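Participant: sequence first, then the predicted structure, then my questions.
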Amino acid sequence: MNKKEVPRFVTQARASFLLGMPQNQLQRISNEAGLGHVESAGNEEETYFTYEELQRICVLVSSQMQILH
């Protein structure tokens, strides 16, 4: 991959890091919102997110925080 190329998808672990939230919280929000997609390879599964999906998760979390405050 070229240094200037941005990957189209990020793993759940990377998304969790970028959003600053625990993976279990990210998984719960993404499941409820229907965001992310799961890829299977043998017995292993990995959830991937687009940057657009990460942005939508940020908006959802922001909206929830405003309601709580």
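Facilitator: Arrived safely, thanks for sending.

Participant: would you map the strands across the chain?
Facilitator: With DSSP state E as the criterion, the chain has strands at 9-11, 37-41, 44-50.

Participant: ok, which of those comes nearest L60?
Facilitator: strand 44-50 (12.8 Å; C-beta to C-beta). For the C-beta atoms, the positions are set from N, CA and C on the backbone; glycine is no exception.

Participant: sorry, back to before: of the strands of the chain, flag the one that's most buried.
Facilitator: strand 9-11 (a mean of 17; mean count of other C-beta atoms under 10 Å).

Participant: paired strands for it, with orientation please.
Facilitator: strand 44-50 (antiparallel) (DSSP bridges).

Participant: got the angle between the strand it pairs with and strand 37-41?
Facilitator: 150 degrees (axes from the mean of the first three to the mean of the last three C-alpha atoms, to 10 degrees).

Participant: using PDB, write down the CA coordinates of strand 44-50.
Facilitator: The C-alpha coordinates for strand 44-50 follow below in PDB (Å, rounded to 0.1, in the frame of the first residue of the first chain):
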ATOM      1  CA  GLU A  44     -12.300 -16.600  13.000                       C
ATOM      2  CA  GLU A  45     -14.500 -13.500  12.500                       C
ATOM      3  CA  GLU A  46     -13.500  -9.900  12.300                       C
ATOM      4  CA  THR A  47     -15.700  -6.800  12.200                       C
ATOM      5  CA  TYR A  48     -14.700  -4.000   9.800                       C
ATOM      6  CA  PHE A  49     -15.900  -0.400   9.600                       C
ATOM      7  CA  THR A  50     -15.700   2.200   6.900                       C
END
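
Participant: could we number from 56 for the rest of this?
Facilitator: I'll keep to 56 as the first residue from here, and by that count the last item is strand 99-105.
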